[in-house]
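> Got a predicted structure plus its sequence, pasted below:
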Amino acid sequence: MSNFYNMPKLPTENSPKVEIFVDDKAVMVPGDTNLLEALKAVGIETPHVCYHPYLPVSGNCRQCLVEQEGPRGRMLVIACYTPVTPGMKIFTPASSARVKNARKATQEFMLVNHPLDCPICDKAGECTLQENYMEAGQNESRMRPEYGKNYHGNPDHQFIDAKGQVRGGKHVDLGPRVLLDEERCVQCDRCVRFMRSIAKSEQLQLAGRADHTYITTFPGEKLDHEYDLCVTDVCPVGAMTAKYFRFQKRVWLLSHTPTISMDDSLGANIWLDHADGRIYRVMPRCNPEVNRSWLSNTSRLAFQGFNKNRLPAMGFNVIKSAMGEGKVAVVMGGACTIEDMAAARMLKDSMGDKVELFGGSLLKVSEPDGIAKSGDPCANRAGLKLMGFADVSELLKRAGEFKVLLTVNADLFGEDAAAAKALEAIPSRIAFSAFNDETAKKATLAFGIKHWSEVQGTMVNNLNILQKLNACPVCPDAELRPAYDVISELAGKKFESASAAFKKAGEYASVLAGLSYDTIKSTGKLLEGGEA
Amino acid sequence: MARVIKQRPMNWIERLYIFECLRGLFTTLKHAARGLFRYETLPTISYPEGQPEIRHTYRAKHRLMLRPDGTPRCVACGMCAAACPAHCIFIEATQSDDPRIEKRVMRFDIDHLTCVFCGLCAEACPVDALRMDTKKIVFEHRTREEFVAHMSDLMDWDPKDYPEDAQSQMAPGGTKNKQALETWGMEVK
């Protein structure tokens, strides 16, 4: 079985290049990694089921076989657990019929008792077995009808279906969020390794032996962990399914928007999978520096509230007149983008010393969990610092000085009602918020804006990486506008687009100057002076 | 490749026009007389009263095949909707109550105003749940909404109309229903 020392070494930009021979052709590959990653680096994809770049290597699926020239002739080795050595000779299916046949046989063997569930399987369309079948398999079934496909796993879950076949374990309840289909499981043990090595809580186990192996929890225990929905991501087949997404949508009908989860200062990279104007699920987007392939349940399930309890758009002139009197305190919440902050800075420029800028959140900062959460609920705290915003605690001390409080995506009253009580002294409270939250209810004027999932923008995470948010077309109301749009109009010089706002942000923060959206990669851009 | 058909030039009698005109009138008169006296030999049918004979292979209105217990066979996989070139099939799935069945269809709508009757949906179906052999080719409704056939409408068919089809006879009311139910109702652990 696997252990933590088996963690695959992934190639980086600084990896030493070594020369190996692939199909008798010399190629330069990263030298400090395994063969599978090295081949991937030069564009040769190796089919694999049990290998996952961020999980310890287990090497049980035998799908990634390649041929290696050794002292005893050409041998089949698994690419995922063979380290790259200079001068090694590798043969892939492109030149070796033996590798091709071996992979095909492995594939066929894996499919022997795998049910033909593709039409009803939630994984269909992004299933590793389907991909491998198209690439390496494509074989006729050799199972004669009288044998059929049989389920050999947990005897308690066996049943006989309408065609007289032994089936079993179709929906085993593993916990509050995950369902297991034992029949579809190919025993790659990715979920077991995830719970053991990443989640550090061994809640899943392989029970039984050989053909009778099945995934289970300890008797009486449930799979219940902050990261348990990640097992549905790492599952290469449809064995682990998330209850919230079960039967909701076929995956090929979903469009994907790459963006950043703005509920934590690590800024986990996510895909928003949407169709017919609503988000169906949130998937982690692989970023080796930030959240790797993991995403916490809180971030993943937060989308369910994105279209509920929203504030409607409102007439603009009311706010302008409300801003007139006295000193104004602008408070930006953690979900505000750099663009919103640039607009706020512009507001300060246009109204002079009357305006003071604050940012942050009243929520407690907890410890980082080491997987995909930094524990700081103020997502763009680094961005606030960069753009020169004072902390919101400053405002609480000097609340008496101000006549107008303008909160942007900052639910101060909802976060800490006791601490925010001091703000009630400010007579005119304007709330720019996506949701009808406590602050919006307490405000004298509440103005609906777009949620962070619906805007384009940038954020700086706690590792000082500048990351880009993209707008997912799921806004419930076409009248709603992004915060930077509203605030810049308030300042008297409306931004044409988010990129114009970002350009303006460069004037206020020197590290952002000269950057544009095109220079920010999908995995973000490390800003100068960053330590990550 | 284009095929050139050479036309015979008209002779002088044809070019006079009057004789050809009378010849055409005679043809019309001939058919009119045939309609009056020997109606049954006409090659056309007088449509609303006389209905055309339609074979079961003709792509007509859809129907949803039924399991022996009367539930639709459809597992809501969405293959028909994926194959549909007109995007006229709308499917929503839900969890099945039967422990032997994973997924069941909750909503199955076909918009027959958009449907092009290409038959790709019936071909795509992996469980033979969707067929187009109802021989119903006439759709007459008062509003656009009524042209959308819902699940109850698509499941409303009589096995007696499909005497030769063994699969249809397994549905409730069919001749093979009892036997099929026995197999269907096998012991479930």
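All right, it came through fine. Just so it is clear, the structure is predicted and the values come from calculations on it, not from any experiment.
> A:Glu135 and A:His48 touch, don't they?
No - here A:Glu135 lies out of contact with A:His48, judged by C-beta atoms under 8 Å, at a distance of 11.1 Å. C-beta coordinates here come from the backbone N, C-alpha and C atoms, glycine included.
> Among the two, which residue is more densely surrounded?
The residue with more neighbours, out of A:Glu135 and A:His48, is A:His48; 22 against 15, by other C-beta atoms under 10 Å in any protein chain shown.
> what residues are up against the more buried one?
By C-beta atoms under 8 Å, 6 or more residues apart in numbering or on different chains, A:His48 lies in contact with A:36, A:61, A:63-64, A:79-80, A:128.
> just A:Thr519 next, same as before
A:Lys525.
> cool, and A:Ala417?
A:Ala417 makes contact with A:Glu438, according to C-beta under 8 Å, 6+ apart.
> Show me which residues of chain B sit near chain A.
Counting by C-beta under 8 Å from any C-beta of the partner chain, the residues of chain B close to chain A are B:67, B:75-79, B:82, B:93-95, B:99-100, B:102-103, B:126-127, B:183-184, B:186-189.
> Just the buried residues of the residues you listed.
Among the residues of chain B next to chain A, those classed as buried by 16 or more other C-beta atoms under 10 Å in any protein chain shown are B:67, B:75-79, B:82, B:93, B:102-103, B:184.
> Among the residues you listed, which lie within strands?
Secondary structure from DSSP state E places B:93, B:103 of these in strands.
> farthest-separated two in the buried ones among the residues of chain B next to chain A?
Using C-beta to C-beta, those reach their maximum pairwise distance at B:Ala82 and B:Trp184, which is 28.4 Å.
> So residue 106: helix, strand or coil?
If you meant another chain, say so; for now it's chain A. Look at A:Thr106: counting by DSSP: H, G, I helix; E, B strand; the rest coil, its state is helix.
> Hmm, no, I was thinking of chain B.
strand.
> what do you get for the one 3 residues further on?
Taking three-state DSSP as the rule, one finds B:Asp109 in the strand state.
> Next one: the closest residue to it other than its chain neighbours from chain A, what distance?
Counting by C-beta to C-beta, 6 or more residues apart in numbering or on different chains, B:Asp109 lies nearest to B:Phe90, which is 4.4 Å off, once chain neighbours are set aside. With distances taken as C-beta to the nearest C-beta, to the nearest Å, B:Phe90 is found 10 Å from chain A.
> Quick check, pLDDT for the closest residue to A:Ala207 other than its chain neighbours.
Distances taken as C-beta to C-beta, 6+ apart place A:Thr216 nearest to A:Ala207, at 4.8 Å, with adjacent residues excluded. Note for A:Thr216: predicted pLDDT of 93.
> Pairing partners for A:Thr216 in the sheet, please.
Going by DSSP bridges, A:Thr216 is paired in beta bridges with A:Gln205.
> Count residues in the vicinity of it, would you?
By the criterion of other C-beta under 10 Å, A:Thr216 has 21 neighbours.
> Show residues contacting stretch A:321-329.
For stretch A:321-329, the external contacting residues (C-beta under 8 Å, 6+ apart) are A:351, A:354-356, A:358, A:395, A:399, A:401-406, A:426, A:428, A:430, A:444-445, A:490.
> out of those residues, which are inside helices?
A:351, A:395, A:490 (DSSP state H).
> residues in contact with the closest residue to chain A within chain B?
Going by C-beta to the nearest C-beta, chain A is nearest to B:Cys77 of chain B, at 3.3 Å. B:Cys77 sits next to A:118-120, A:250, B:103, B:126-127 when contact means C-beta under 8 Å, 6+ apart.
> quick one on the thing from earlier: please convert the buried members of the contacts of stretch A:321-329 into ChimeraX selection syntax.
Applying 16+ other C-beta under 10 Å to the contacts of stretch A:321-329, the buried members can be selected in ChimeraX as follows:
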select /A:351,354,355,356,358,395,399,402,404,405,406,426,428,430,445,490
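> if I look at the residue of chain B closest to chain A, how far off is B:Ile137?
Distance of B:Cys77 to B:Ile137, given as C-beta to C-beta, to the nearest Å: 27 Å.
> do B:Gly174 as well
From B:Gly174 to B:Ile137 the distance is 24 Å (C-beta to C-beta).
> more crowded one of the two?
B:Gly174 (22 against 13).
> Quick check: residues of the stretch 201-350 of chain A near chain B?
Residues of the stretch 201-350 of chain A lying close to chain B by C-beta under 8 Å from any C-beta are A:246-248, A:250, A:252-253.
> would you list those in TSV and tack on secondary structure?
Below are those laid out as TSV (three-state DSSP):
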residue	secondary structure
A:Arg246	coil
A:Phe247	coil
A:Gln248	coil
A:Arg250	coil
A:Trp252	helix
A:Leu253	helix
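> Can you say which two of those are spatially most distant?
Going by C-beta to C-beta, the pair spanning these furthest: A:Arg246 and A:Trp252, at 16.7 Å.
> who has more neighbours, these two?
The residue with more neighbours, out of A:Arg246 and A:Trp252, is A:Arg246; 16 against 11, by other C-beta under 10 Å.
> and that one, what does it touch?
A:122, A:179, B:95.
> Just the ones in strands from those residues, please.
Members of those lying in strands (criterion: DSSP E): A:179, B:95.
> From the contacts of A:Arg246, pick the one nearest B:Ala33.
Nearest to B:Ala33, judged by C-beta to C-beta, of the contacts of A:Arg246 is B:Gln95 at 67.9 Å.
> Off-centre distance for the helix or strand bottoming out on mean pLDDT in chain A?
The helix or strand of chain A with the poorest confidence is helix A:317-322; it has a mean of 76 (mean pLDDT, DSSP states H and E). Taking C-alpha atoms, centre = their mean, to the nearest Å, one finds helix A:317-322 lying 39 Å from the centre of the chain it belongs to.
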